[in-house]
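# The following comprises the amino acid sequence and a computationally predicted model.
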Amino acid sequence: MEWNMTTLQTADLRHHILSQSAHAVRRITRATVSRVRCEAQHHVQFQWRDKPVRRLPSCADLQTLATVYRERLSSYWGDLAQLVSLGATHASQLLVPLAFERMGNHASDQQLHAWIKDMERVKDMLRTKLTGCVHDMQLASKQVEHYEVEEDKDRPGHLILRRPLLSERLLRHQPWSLSFDDDFSALCKERQPEASQMFSLADEVYAFLRVYWHTAAEYIDSFYEDDVKIVDEKWQLEDRSHATLSVGTDCVQLLVNALDHPTCPLEDLPLEAVKQREQCREQLWDDVVQRSPHIPVTSYLAYTQRANVNLCLLAWMAVNSYGICHDVPFSMVQSVHDARCYFDSPDDQSCLQSNATEAICSVSRAILLLKCRDFSSIKTSHNCSFTTFGSLSVYSRSSILDQKLTEETLNYKNSLTNATLKYKDFKIVSLKPLEMSFILINIIFRLSTAGVYMYLPHLRNLPGKIFLSFQITCITQILCSEVVYRMAGVPDLPTAVLVDSALTLLSCMWLNSFCYQMYACVRHLRLPDQLLPAEVSQLFCREVLCVFIPWSIVCVAAVALEKTSKYYLIYSRIVVLAGISVSVAFNLICLGLLGYM
C-alpha cells in the first residue's frame with residue numbers, strides 16, 4: 001500500500017482500507033494462535049505409552065517416531081514463520097494510516113508532506129526490527145532438522161530431545177519493547193511535535209506482535225513435557241565482561257559522540273556520515289577479528305590512533321539505540337551463530353552468515369546479551385497494556401525483561417572518554433599548531449645538519465657519510481608519518497605503522513654502523529681523515545650492505561607475516577621489535593667498550 005496525501009485525506013477511502021488492513025492483521029494473529037492450539041490438540045502421540053501393557057520401543061520405532069516428531073516440529077515452525085512474515089508486512093504497512101487516524105488531520109499540505117515523510121521513517125525503523133524477528137523465526141524452523149531424539153535410559157518409555165544451541169529458545173532474547181519513545185521523542189520534538197505519538201505507536205505495534213510470537217515460541221515445550229525431556233546445548237564460553245581489545249580511536253570516537261550527542265533518526269544523515277558509519281563497522285570488525293590487546297609497535301602513530309576498549313562496552317556502544325547498528329536487523333539466532341563462529345573458528349570466518357559490514361553488529365548483540373554477565377543487570381517486571389488498532393484490540397499482560405546499565409558499565413564509558421578520547425581530542429585539536437611547529441623545527445634542524453655534512457669537505461669521511469644517511473632516514477620518517485599520513489591520510493594506518501617502524505629500525509642500524517666505526521677508530525688509534533677517498537667509498541659500500549641486508553630480512557619477514565593473515569599482525573610487530581632491541585643492545589655494547597678503552 002502506497003500512502004499519499006490524497007489517500008490519507010479522503011476519509012472514506014482511508015477508513016475502508018484501514019479497516020481491511022486491521023482485519024488482515026487480526027486474522028493473521030488469530031491464525032497464529034490457532035496454529036498453536038492445533039499443535040497442542042494434535043501433537044505426536046507416543047503409542048506405546050497408551051497401551052495397557054507397555055511395550056518399550058525398539059530402535060526402529062524410535063527412529064520412526066523421531067522422524068515424525070521432527071517433521072511435525074518443522075511444519076509447526078514453518079507455519080509460524082510464514083504467519084510472522086505476513087504479520088510483519090501488514091503491521092508495518094498499517095502504521096502510517098493508523099497514525100494518521102489517531103493523530104488527526106494537519107493544517108496544510110506542506111505540513112502533511114513532512115509528517116508523512118517522518119512517519120515513513122518510523123515505519124522503516126519498525127520494519128527493520130520486525131525483519132530481525134522474522135529472520136529469527138525462519139532460522140528456527142530450519143534448525144529443527146538438527147534436533148536429536150533418543151531414548152531416556154533413566155525413564156524407559158520416555159524420550160530425550162537434544163536441541164542445538166541455535167534453536168527457538170534463543171527467540172526469547174528478542175527485545176520486548178523497542179524503546180523508540182523513550183530514546184528519540186525528546187530528540188525529535190523540535191523537528192516533529194508529534195514525534196512522541198509516532199514512536200509510541202510503533203512501540204505498541206511491536207509489543208502487540210511480540211506478545212503473540214513469544215507465546216507461540218514458549219508453548220511448544222509444554223506440549224511434550226510429559227513424554228520428552230528437553231536438553232539444550234550450552235555455549236561453553238567464559239564470561240567476557242573483562243575482555244579487552246585494541247580498536248581504532250576514530251571509530252570509538254564516533255561511537256562515543258553518538259552517545260553523547262545523539263541525533264534524531266527522522267533527520268536525513270549526510271551521505272558522508274552514512275559512509276563513515278559503514279566504514280566504522282568494517283574497521284571495528286577488522287579490529288575484533290585481530291583479537292589483540294594493545295598491539296606492541298615502535299610507531300608513535302599507533303599509540304595515538306589505537307585504544308584499549310572493554311569488549312562488552314564496545315558491543316554496547318555499537319548496538320545501542322544511538323549506535324551504528326540501528327539499520328541492521330536484530331536476528332538473535334544469526335547473532336549467536338556468528339559469535340560462535342568468531343570464537344570457535346578464529347582462523348575460518350567463512351562460517352559467518354553476516355557480511356563484513358554487519359558482522360560487528362551481529363556478534364556484538366550475542367556477546368552483550370549472553371556473555372557479559374557483569375555488564376548489565378536484567379530484572380523482570382510485568383506490563384499490562386490495552387492496544388487498539390482500528391477494529392483490532394487486545395489486552396495483554398506480559399513479562400518484561402528490563403536491561404539496565406550497571407555502575408560498572410558507566411565507569412567503563414567514563415574512563416574511556418576521560419582518559420583516552422579527551423586526550424586524543426586535546427592533543428589533536430588544541431595542540432595541533434604547536435605540534436606542527438615542533439615537527440617543522442625538527443625538519444629544519446635535520447636538513448641543516450645534513451646540509452652542513454654535505455657542504456664541508458672534512459666532514460665527508462666515513463663516519464660523516466654514515467651520519468648523513470642517518471639524518472636522511474630520519475627526515476624521510478618524519479615526512480612519511482607526520483606529514484603525509486597526518487595531513488593527507490595516506491596510506492592506511494597498518495601500512496603507515498609498518499613504514500614508520502621500518503624507518504625506525506633503519507635509523508637504529510645506521511647508528512650501529514656509526515658506533516662501530518667510532519669503536520674501530522679508537523681500537524686502531526686511527527682518525528677517519530687518514531683514509532683515502534677510494535678506501536672511504538669501498539668501506540661505505542660495505543657498511544651499506546651490512547645495514548641493508550639485515551634490515552631487509554627483518555622488513556620482509558614482518559611484511560610477509562602481516563600480509564599472510566591478520567592474526568599474524570602481532571608477530572610481525574614482535575619481529576620488528578626484536579630487530580630494534582638487538583640494534584639498541586649492539587649500540588650499548590659499543591658504547592661500553594668505548595668507555596672501557
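Cool, the structure landed.

# from here on, contacts and neighbour counts on C-alpha atoms
OK.

# residues in contact with residue 120?
Counting by Cα atoms under 8 Å, 6 or more residues apart in numbering, residue 120 makes contact with residue 96.

# Show me what counts as buried in the helix or strand harbouring it.
Following DSSP states H and E, one finds residue 120 within helix 109-143. Across helix 109-143, burial judged by 16 or more other Cα atoms under 10 Å covers 112, 115-123, 125-141, 143.

# which residues are contacting the helix or strand that it is followed by?
Proceeding N to C from helix 109-143, the next assigned helix or strand is strand 148-151, under DSSP H and E. Under the criterion Cα under 8 Å, 6+ apart, residues 62, 66, 157, 158, 159, 160, 161, 162, 163 lie in contact with strand 148-151.

# Next step: those residues restricted to helices.
The members of the contacts of strand 148-151 that map onto helices under DSSP state H are 62, 66.

# As a markdown table, the contacts of strand 148-151 with pLDDT would be great.
Converted to a markdown table, these look like this (pLDDT from 0 to 100):
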| residue | pLDDT |
| --- | --- |
| 62 | 72 |
| 66 | 76 |
| 157 | 66 |
| 158 | 74 |
| 159 | 77 |
| 160 | 84 |
| 161 | 83 |
| 162 | 88 |
| 163 | 88 |
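
# among the contacts of strand 148-151, who's most crowded?
residue 159 (23 neighbours; other Cα atoms under 10 Å).

# Confidence-wise, which helix or strand of the chain is lowest on average?
strand 392-405 (a mean of 46; mean pLDDT, DSSP states H and E).

# Which pair of the contacts of strand 148-151 spans the longest distance?
157 and 163 (19.6 Å; Cα to Cα).

# How is the chain partitioned into domains?
5-232, 244-422, 431-596 (automatic domain parsing).

# Can you say which of those is nearest to residue 238?
Nearest to residue 238, of the domains of the chain and by Cα to Cα, is domain 244-422 at 7.3 Å.

# pretty sure residue 202 contacts residue 95?
Yes: using Cα atoms under 8 Å, residue 202 makes contact with residue 95 at a distance of 7.2 Å.

# Mind listing the shared neighbours of these two?
The contact lists of residue 202 and residue 95 share residue 123, where a contact means Cα under 8 Å, 6+ apart.

# Comparing these two, which residue is more hemmed in?
residue 202 (27 against 23).

# does that one belong to a helix or a strand, and which?
helix 195-223.

# Show me which positions of that helix end up buried.
195-196, 198-210, 212-213, 216-217, 220, 223.

# Run through the neighbouring helices and strands of it.
Under the contact criterion of 3 or more Cα pairs under 8 Å, 6 or more residues apart in numbering; DSSP states H and E, helix 195-223 touches helix 11-41, helix 59-103, helix 109-143, helix 180-188, strand 392-405.

# mind putting these in JSON lines, distance to residue 544 included?
Below are those laid out as JSON lines (distance: least, Cα to Cα, whole Å):
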{"stretch": "helix 11-41", "distance to residue 544": "80"}
{"stretch": "helix 59-103", "distance to residue 544": "71"}
{"stretch": "helix 109-143", "distance to residue 544": "62"}
{"stretch": "helix 180-188", "distance to residue 544": "64"}
{"stretch": "strand 392-405", "distance to residue 544": "60"}
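
# farthest residue from the center of the protein?
Each residue of the chain has a distance to the centre, and by Cα atoms, centre = their mean the biggest one is for residue 530: 64.8 Å.

# Could you check how far that residue is from residue 514?
17 Å (Cα to Cα, to the nearest Å).

# Then residue 127?
69 Å.

# and the closest residue to residue 372 other than its chain neighbours, backbone torsions?
Nearest in space to residue 372, with sequence neighbours left out and distances taken as Cα to Cα, 6 or more residues apart in numbering, is residue 241 at 4.6 Å. The phi/psi pair for residue 241 (degrees, to the nearest 10) reads phi -60, psi -30.

# number of nearby residues for residue 241?
By other Cα under 10 Å, the burial measure for residue 241, its neighbour count, is 19.

# so it makes contact with residue 367?
No: using Cα under 8 Å, residue 241 and residue 367 do not qualify as a contacting pair, with a distance of 9.2 Å.

# Which parts of stretch 95-109 count as buried, going by neighbours?
95, 96, 97, 98, 99, 100, 101.

# residues contacting residue 437?
Contacts of residue 437 (Cα under 8 Å, 6+ apart): none.

# meant to ask about residue 522, not that
Residue 522 neighbours (Cα under 8 Å, 6+ apart): 594, 597.

# That one falls within a strand, correct?
No: counting by DSSP: H, G, I helix; E, B strand; the rest coil, residue 522 is located in no strand; its state is helix.

# shaky segments in the stretch 51-200 of the chain?
51-59, 104-107, 157 (pLDDT under 70).

# For residue 472, give its distance to residue 460.
15 Å.

# Neighbour count for the two, which is higher?
Ranked by neighbour count (other Cα under 10 Å), residue 472 and residue 460 place residue 460 first, with 20 against 15.

# so that one touches residue 451, yeah?
No: Residue 460 is beyond contact range of residue 451, at 11.3 Å (criterion: Cα under 8 Å).

# Using neighbour counts, pick out the buried residues of stretch 452-466.
453, 459, 460, 461, 462, 463, 464, 465, 466.

# scratch that, stretch 12-19 is what I was asking about
Those would be 14, 15, 18, 19, for stretch 12-19 by 16+ other Cα under 10 Å.

# Kindly reformat those residues as TSV containing pLDDT and distance to residue 147.
Formatted as TSV, the buried residues of stretch 12-19 follow (pLDDT from 0 to 100; distance: Cα to Cα, whole Å):
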residue	pLDDT	distance to residue 147
14	82	47
15	83	47
18	84	42
19	85	42
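
# from those, which is closest to residue 324?
For the buried residues of stretch 12-19, the nearest to residue 324 is residue 18 (34.3 Å; Cα to Cα).

# The closest one and residue 367: what is the separation?
41 Å.

# Find the centremost residue of the protein, please.
Short answer for the chain (Cα atoms, centre = their mean): residue 360, at 2.4 Å.

# For the helix or strand hosting that one, name the packing helices and strands.
If you go by DSSP H and E, residue 360 is part of helix 359-370. Packing partners of helix 359-370 (3+ Cα pairs under 8 Å, 6+ apart): helix 271-290, helix 311-319, helix 332-344.

# try 10 Å this time
helix 271-290, helix 311-319, helix 332-344, strand 376-389 (3 or more Cα pairs under 10 Å, 6 or more residues apart in numbering; DSSP states H and E).

# Please, which helix or strand holds residue 497?
Per DSSP H and E: helix 493-524 holds residue 497.

# Next secondary structure after that helix?
Using DSSP H and E, the first helix or strand after helix 493-524 is helix 533-564.

# What residues sit buried inside that following helix?
Here helix 533-564 shows 536, 540, 543, 547, 551, 554, 555, 558, 559, 561, 562 as buried, counting by 16+ other Cα under 10 Å.

# cool, and stretch 231-247?
So, applying 16+ other Cα under 10 Å, buried residues of stretch 231-247: 240, 241, 244, 245, 246, 247.

# Of the residues you listed, just say which sits nearest to residue 343.
Among those, and counting by Cα to Cα, the member closest to residue 343 is residue 240, at 11.2 Å.

# so the closest one, which of the three states?
coil.

# Hmm, residue 368 and it touching each other?
Yes: in terms of Cα atoms under 10 Å, residue 240 counts as a neighbour of residue 368; the distance is 8.9 Å.

# what sits in contact with each of those two?
Residues touching both residue 240 and residue 368 by Cα atoms under 10 Å, 6 or more residues apart in numbering: 311, 312, 375.

# Please identify, among those, the one with the most neighbours.
Busiest of the shared contacts of residue 240 and residue 368 [other Cα under 10 Å] is residue 312, holding 27 neighbours.
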